[in-house]
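> Structure here, sequence nowhere to be found:
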């Protein structure tokens, strides 16, 4: 087992500007402004970018004026951090109606290029951000940082800090649970202290998260591609409600959902779509086509009470919804890249506590909130892959707060349809990222891994007790997932980072192999 260790020293409470002191353009005043200066913390939430295309990228910031009213914000994007070679600039107006956030699509950019950007308002300059556009043509390597599930109350964001320190990541994929709705306090108190329900509540929680030094610095250095999961609204949500929503005391679910989705749109560097959907796709030259799904809200039917409920196998039950399923099939059919990556929220591979082939009743699975609770939807997904583009599928997953490397077999306990020694019968592989901070199952640690694997021959590796992040390294020859794990997240400094495992799938195969070390 890989045991590389690294001790992280965390500078707690440091904002983005000091952390980017090597980047010019972070001064206090801008030339040409003759009015009263805005507050020194006008850009206290830093800057961010996201959804990179070959010719465009979303830029984001927020202003915190001392007086209410509209604020004019200018922006620029350049080929150099000093802003001498500006290729685009403009002005936008923000106000309380969008919580003073600013989001714009910088277009007409050159592909595969690192860009620098910033904002000015009320005589103040934002920190300078760095981003990059997607490449075109022949691409020899791409590297994604993959994260999910950052519960502020229970720990510090060491995963974000470490990814910000790495200069070998092209894009950060956040697979959901960016914020948590809970009002509980832990080692770090949350704002507001109560569970968030209203639009103002959600905005306040995002504001607190975005003042976190580690998250803010990562946003300022890397473009993000994000999807929401349940805690951006309420635990175990679906299109018509949530386990953690009580209409009697918390109002109509549709109002809460609308507030959550509006705050998400305001605070995240995501390219908005007219119908509010978040499923979308990205192309990275001839190497990767990336599809981001919404397995949480748009088309999901309500979860069953258990995986033993006959509804689990109802052929009409939906996880994606008909429109998203059709859209996904089109994306698979049109893909010409070497690899197809699918970013989504909940674990796709079966996870059984009692083994058993589908023909024998299927055994007993663990969690009806995962794809295990929507067996027909998973079968339709696998059928679409086999029909439209049957090679080189890698699914990237969050939600479960633990790390997994899985081969995607529809019936992994049936030796006639799947061979764990060769990967025969699998449609692809799944890399599951652990949480940034959110705890795993109480009382469950790695001593349970042998039991889990005995019931699940398609699960090639798992870690059930550590938090951290995943790095996905893609070349034409193989795609590797490498898990970087911390010994603890409940302290602000002195934690130890360990490489948990590195697993690869080769071009044209569906068999996961262990690597000696991360790429």
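Here it is on my side, so go on. What you see is a predicted model; the values in this text were computed from it and never measured. Residues are numbered from 1 along each chain as shown.
> list the buried ones in stretch 52-59?
Within stretch 52-59, the residues scored as buried using 16 or more other CB atoms under 10 Å are 52, 53, 54, 56, 57, 58, 59. Heads up, the C-betas are built off the backbone N, CA and C, glycines and all.
> Among those, which pair sits farthest apart?
Among the buried residues of stretch 52-59, the pair separated by the greatest distance (CB to CB) is 54 and 59, at 16.3 Å.
> Mind naming the longest strand for the protein?
In the chain, taking DSSP state E as the definition, the longest strand is strand 495-506.
> Show me what it is packed against.
Applying 3 or more CB pairs under 8 Å, 6 or more residues apart in numbering; DSSP states H and E, one finds that strand 495-506 contacts strand 5-8, helix 158-165, strand 403-407, strand 459-463, strand 478-486, strand 512-514.
> Please enumerate the helices of the stretch 51-200 of the chain.
158-165, 199-211 (DSSP state H, counting those that start in this stretch).
> Could you chop the chain up by domain?
Domain segmentation of the chain under automatic domain parsing yields 15-132, 142-514.
> okay, those domains in a markdown table with mean pLDDT next?
Below are the domains of the chain laid out as a markdown table (pLDDT from 0 to 100):
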| stretch | mean pLDDT |
| --- | --- |
| domain 15-132 | 89 |
| domain 142-514 | 97 |
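> from those domains, which stretch is densest packed?
Per residue and on average, the most neighbours among the domains of the chain fall to domain 142-514, with a mean of 20 (mean count of other CB atoms under 10 Å).
> Next, the distance between the ends of that one.
Taking CA to CA, to the nearest Å, domain 142-514 runs 20 Å from one end to the other.
> With stretch 96-106 instead?
Terminal-residue distance, stretch 96-106 (CA to CA): 23 Å.
> Report the distance from it to the chain centre.
Counting by CA atoms, centre = their mean, to the nearest Å, stretch 96-106 is centred 21 Å from the centre of its parent chain.
> swap in stretch 482-496?
Counting by CA atoms, centre = their mean, stretch 482-496 comes out at 19 Å from the chain centroid.
> about what we covered before: JSON lines for the helices of the stretch 51-200 of the chain, including distance to residue 191?
Formatted as JSON lines, the helices of the stretch 51-200 of the chain follow (distance: least, CB to CB, whole Å):
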{"stretch": "helix 158-165", "distance to residue 191": "19"}
{"stretch": "helix 199-211", "distance to residue 191": "4"}
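> Out of the ones you listed, the one nearest residue 221 is which?
Nearest to residue 221 among the helices of the stretch 51-200 of the chain is helix 158-165 (5.5 Å), distances taken as CB to CB.
> Could you name the helices and strands sitting against that closest one?
Judged by 3+ CB pairs under 8 Å, 6+ apart, helix 158-165 is in contact with strand 5-8, strand 142-147, helix 213-221, strand 467-474, strand 478-486, strand 495-506.
> relative to strand 478-486, how tilted is that helix?
Between the axes of helix 158-165 and strand 478-486, defined by axes from the mean of the first three to the mean of the last three CA atoms, to 10 degrees, the angle is 120 degrees.
> Same list (the helices and strands packed on strand 495-506) but as CSV, adding distance to residue 82.
As requested, the helices and strands packed on strand 495-506 are exported to CSV (distance: least, CB to CB, whole Å):
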stretch, distance to residue 82
strand 5-8, 31
helix 158-165, 21
strand 403-407, 41
strand 459-463, 43
strand 478-486, 33
strand 512-514, 45
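> nearest residue to the most centrally placed residue in the chain other than its sequence neighbours?
With distances taken as CA atoms, centre = their mean, residue 174 lies nearest the centre of the chain, 1.3 Å away. Closest residue to residue 174 apart from its sequence neighbours, by CB to CB, 6 or more residues apart in numbering: residue 226 at 4.3 Å.
> What of residue 363?
Computed as CB to CB, 6+ apart, the closest residue to residue 363 that is not its neighbour in sequence is residue 356, at 2.9 Å.
> now do residue 33
Excluding the flanking residues, the one nearest residue 33 by CB to CB, 6+ apart is residue 123, at 3.9 Å.
> Strand partners (parallel or antiparallel) of the longest strand of the chain?
Applying DSSP bridges, strand 495-506 is found paired with strand 5-8 (antiparallel), strand 478-486 (antiparallel), strand 512-514 (antiparallel).
> Quick one: closest of those strands to residue 453.
Going by CB to CB, the one of the strands paired with strand 495-506 nearest residue 453 is strand 512-514, 12.6 Å.
> re the thing from before, among the helices and strands packed on helix 158-165, which is nearest residue 154?
Using CB to CB, those put strand 467-474 closest to residue 154, at 9.3 Å.
> the inter-axis angle of that closest one versus strand 142-147?
160 degrees.
> okay, the angle between strand 467-474 and strand 403-407?
Per the same axes, to 10 degrees, the angle that strand 467-474 makes with strand 403-407 is 40 degrees.
> which helices and strands sit right next to strand 467-474?
Right, strand 467-474 is packed against strand 142-147, helix 158-165, strand 339-344, strand 393-397, strand 478-486 by 3+ CB pairs under 8 Å, 6+ apart.
> Go ahead and measure how far that strand is from the middle of the chain.
11 Å.
> from here on, count from 44
With the count now opening at 44, the last piece we talked about shows up as strand 510-517.
> Give the pairing partners of it; include direction for each.
Paired with strand 510-517 in the same sheet, following DSSP bridges, are strand 185-190 (antiparallel), strand 521-529 (antiparallel).
> Adding distance to residue 233, write the ones you listed out as JSON lines.
Below are the strands paired with strand 510-517 laid out as JSON lines (distance: least, CB to CB, whole Å):
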{"stretch": "strand 185-190", "distance to residue 233": "19"}
{"stretch": "strand 521-529", "distance to residue 233": "21"}
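> ok, back up a step: just put the helices and strands packed on helix 201-208 in a markdown table and tack on distance to residue 500.
Below are the helices and strands packed on helix 201-208 laid out as a markdown table (distance: least, CB to CB, whole Å):
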| stretch | distance to residue 500 |
| --- | --- |
| strand 48-51 | 31 |
| strand 185-190 | 25 |
| helix 256-264 | 37 |
| strand 510-517 | 22 |
| strand 521-529 | 19 |
| strand 538-549 | 15 |
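> right, and the ones you listed - which one's nearest residue 119?
Closest among those, once you apply CB to CB, is helix 256-264, at 15.2 Å.
> hmm, who's touching the following helix or strand past that closest one?
Downstream of helix 256-264, the first helix or strand assigned by DSSP states H and E is strand 267-269. Taking CB atoms under 8 Å, 6 or more residues apart in numbering as the criterion, the residues outside strand 267-269 that touch it are 91-95, 214-217, 219, 221, 311-313, 325, 333, 335, 386.
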